[in-house]
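Enquirer: what's the 3D shape of this:
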Amino acid sequence: MTENNDNAADRAAWEKVKSRLQAELGEDVYSSWFRSVELDRVEEGTAHLTVATRFLKSWLRSHYYDFVIQLSRQEWPDLERLDFQVRQPHFKQPVAAEKPAQTMPTPRITVTESAEVTVPLRTGYGGFDGSPLDPKLTFDTFVVGASNQLANAAANQVSGVANGSQQMFNPLFLHGNVGLGKTHLLHAIAWQFTKAKPEGEVLYLTAERFMSGFVQALRAKDALAFKESLRRIDLLIIDDMEFLQGPTIQQEFCHTLNSLIDGGRQVVVAADRAPNHLDRLDMRMRSRLGGGLVAEIASMDRDLRHKILSKRASDACRETPGLEISDTVLSYLADRLTESGRELEGAVHRLRAAYQLTDQPVTLEIAEQIVRELMRGAEPKRVRIDDIQRTVSKHYGVNRGDLLSGRRNRSIVRPRQIGMYLCKQLTSRSLPEIGRRFGNRDHTTVLHAIRKIEQLMSDDAQMREEVELLQRLLRD
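Expert: Numbers count the residues shown, from 1 in each chain. As a prediction, the model looks like this:
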């Protein structure tokens, strides 16, 4: 009994650590890396944590170990180390009260493991894993307003094609700014389609994951099998289409798109712009993507923002005993937070975290403080070339002087090229000025470095993640 009580206390302590992580890192980072991390046990000065995938284990150990153990020591002062392990698949099956168990067909949906997934998972399709699906992102949790009504109706329509309805919108192309609900609708389509047709093949991918899978297939000389496997999908969903790069990859995706649509399979695509504004895509691809229904998700009006806040607040209060969020607070947030749904959800999460950590009622003053923090975080930070050189040097373990020198070692050349690329992306400096700041190099050398890194990011997912991490470090 004592052991069970200790375990329960440790789990409650871990939930407090996760609340602090959420408050410190923000909702986007927390959801991406920490939401599914679970505590197995704490013994002999070690907190044993379990994660869903090997990639997540490696990423957390290399990027967040020190930060997590620092916060964890607030609960366990004698903690010496963290141990991350990949847990065995386990699934929560929803059981209705007072109803006998029924045998249901097994949905075949290609996703990576999530801690709360309610359907069995497969390891992959076509030689690689699909991108993770969030079981909370369904049509039931999507809040509809004037700005997203058309997109929501079209998404509901295509998710029902498994019931034999005509494929009126193929491909369906959703576009809008970040945080307005594109990804939510994509996940909802996947879940609804799987419910309607459990035997159907569903693949949800980001453009990045598609590129990574295709490049891996080329390296393994297995491109033909890769292509054939994709063309047997019943529903293909691609997110972040604006990041699809490289003429060969675009050509292959276009062939896949044509094959699926001509074969009566459904394709759904999302991007931050309409097809005709995706300059990185060739004209034929843009024409094909625009040949179905193009639905914009526009900026949210005040009424929709208030509806989203009310729903998220209601969910938070239901899940957190004692938490109350007044309509006065919600109205205040709806008036001042106008950028995205993620910003609204982040505000509710912060309100809940503040209550959990202080046990104090949620007041308008707390809401005002949260708005100030969010607004301050929204102001773009001015990045200087000195900042970039310092960050790159520290990240790759090279001297700053080496970046500016004439040394041609690979261990120096690649960080130098990345530094030049980041200067172009994050500052307003010209190529000649960037060259001067990197050891009086010619502007053509800088241009070559930029193009080299762009190509490496297109071909290598690990390189792309590395550069994006540096960008976040510099902007934070």
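
Enquirer: before we move on, what SS does the closest residue in space to Leu186 that isn't next to it in sequence have?
Expert: Distances taken as Cβ to Cβ, 6 or more residues apart in numbering place Ile237 nearest to Leu186, at 5.1 Å, with adjacent residues excluded. C-beta coordinates here come from the backbone N, C-alpha and C atoms, glycine included. Under DSSP: H, G, I helix; E, B strand; the rest coil, Ile237 falls in the strand class.

Enquirer: tell me the contacts of Ile237?
Expert: By Cβ atoms under 8 Å, 6 or more residues apart in numbering, Ile237 lies in contact with 186, 189-190, 202-205, 267-269.

Enquirer: Ok, Gly341 next?
Expert: Here Gly341 is in contact with 179-181, 184, 300, 308 (Cβ under 8 Å, 6+ apart).

Enquirer: Nearest to Phe210, out of these: which one, please.
Expert: Comparing these against Phe210 with Cβ to Cβ places His184 closest, at 20.2 Å.

Enquirer: Now do the same for the spatially closest residue to that closest one that is not a sequence neighbour: helix, strand or coil?
Expert: Using Cβ to Cβ, 6+ apart and skipping residues adjacent in sequence, the residue nearest His184 is Leu137, 4.7 Å away. Reducing the assignment at Leu137 to three states with three-state DSSP gives coil.

Enquirer: Need the per-residue pLDDT for Leu137.
Expert: Leu137 is assigned 88 on the pLDDT scale.

Enquirer: what's the spacing between it and Asp239?
Expert: Separation of Leu137 from Asp239 (Cβ to Cβ, to the nearest Å): 12 Å.

Enquirer: shared neighbours, the two?
Expert: Contacts common to Leu137 and Asp239, judged by Cβ under 8 Å, 6+ apart, are Thr183.

Enquirer: neighbour count winner among the two?
Expert: Neighbours were counted for Leu137 and for Asp239 using other Cβ atoms under 10 Å; Asp239 has more, 23 against 19.

Enquirer: Name whatever forms a beta bridge with that one.
Expert: Beta-bridge pairing for Asp239 (DSSP bridges): Thr206.

Enquirer: Contact partners for it?
Expert: Contacts for Asp239 (Cβ under 8 Å, 6+ apart) come out as 131, 182-183, 186, 204-207, 270.

Enquirer: could I get these as TSV with neighbour count?
Expert: Output for the contacts of Asp239, formatted as TSV (neighbours: other Cβ atoms under 10 Å):
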residue	neighbour count
Ser131	21
Lys182	24
Thr183	21
Leu186	23
Tyr204	24
Leu205	23
Thr206	21
Ala207	20
Ala270	25
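
Enquirer: sorry, back to before: pretty sure the residue nearest to His184 sits against Ile189.
Expert: No. In this structure, Leu137 is not within contact of Ile189 by Cβ atoms under 8 Å, at 9.9 Å.

Enquirer: Contacts only, for the residue nearest to His184.
Expert: Counted by Cβ under 8 Å, 6+ apart, Leu137 has contacts 183-184, 187-188, 191.

Enquirer: any idea which of the residues you listed is closest to Ser36?
Expert: Set against Ser36, the nearest of those by Cβ to Cβ is His187 (15.2 Å).

Enquirer: where exactly do the strands run in this protein?
Expert: Under the criterion DSSP state E, the chain contains strands at 38-43, 46-51, 81-86, 109-110, 172-175, 202-206, 235-239, 266-271, 293-296.

Enquirer: model confidence over the shortest one, on average?
Expert: Read that as strand 109-110. 40.

Enquirer: before we move on, what about the third one?
Expert: When pLDDT is averaged over strand 81-86, the result is 88.

Enquirer: Now do that strand against strand 46-51, angle only.
Expert: Interaxial angle, strand 81-86 versus strand 46-51 (axes from the mean of the first three to the mean of the last three Cα atoms, to 10 degrees): 30 degrees.

Enquirer: wait, doesn't Leu304 sit right on Gln149?
Expert: No. Counting by Cβ under 8 Å, Gln149 is not a contact partner of Leu304; they are 9.8 Å apart.

Enquirer: Check the closest residue to Gly263 other than its chain neighbours and give its pLDDT.
Expert: In space, and not counting its chain neighbours, Gly263 is closest to Arg231: 7.2 Å by Cβ to Cβ, 6+ apart. Turning to Arg231, the model gives it a pLDDT of 72.

Enquirer: my read: Arg231 touches Leu260, true?
Expert: Yes. If you go by Cβ under 8 Å, Arg231 and Leu260 touch, sitting 6.3 Å apart.

Enquirer: Looking at those two, which one has more neighbours?
Expert: Neighbour tally, Arg231 and Leu260, criterion other Cβ under 10 Å: the higher count belongs to Leu260, 21 against 18.

Enquirer: Spatially nearest residue to that one (excluding sequence neighbours)?
Expert: Nearest-residue entry for Leu260: Val267, 5.4 Å, with adjacent residues in sequence omitted and distances by Cβ to Cβ, 6+ apart.

Enquirer: What's opposite that neighbour in the beta bridge?
Expert: Per DSSP bridges, the residues bridged to Val267 are Leu236.

Enquirer: How many residues are close by it?
Expert: Using other Cβ under 10 Å: Val267 sits among 24 other residues.

Enquirer: Now do the contacts for it.
Expert: Val267 sits next to 170-172, 235-238, 257, 260-261, 292 when contact means Cβ under 8 Å, 6+ apart.

Enquirer: Using CSV, write out every CA atom in stretch 38-52.
Expert: Coordinates of each C-alpha in stretch 38-52 appear next as CSV, following Å, rounded to 0.1, in the frame of the first residue of the first chain:
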residue,chain,number,x,y,z
GLU,A,38,5.0,9.5,-18.9
LEU,A,39,6.7,8.7,-15.6
ASP,A,40,7.3,5.0,-14.9
ARG,A,41,8.9,5.3,-11.5
VAL,A,42,11.4,7.2,-9.4
GLU,A,43,14.0,5.1,-7.6
GLU,A,44,17.6,5.4,-6.3
GLY,A,45,17.9,9.0,-7.5
THR,A,46,16.7,8.3,-11.0
ALA,A,47,13.4,9.4,-12.7
HIS,A,48,12.5,6.7,-15.3
LEU,A,49,10.5,8.4,-18.1
THR,A,50,8.9,6.7,-21.0
VAL,A,51,8.3,8.1,-24.5
ALA,A,52,6.6,7.0,-27.6
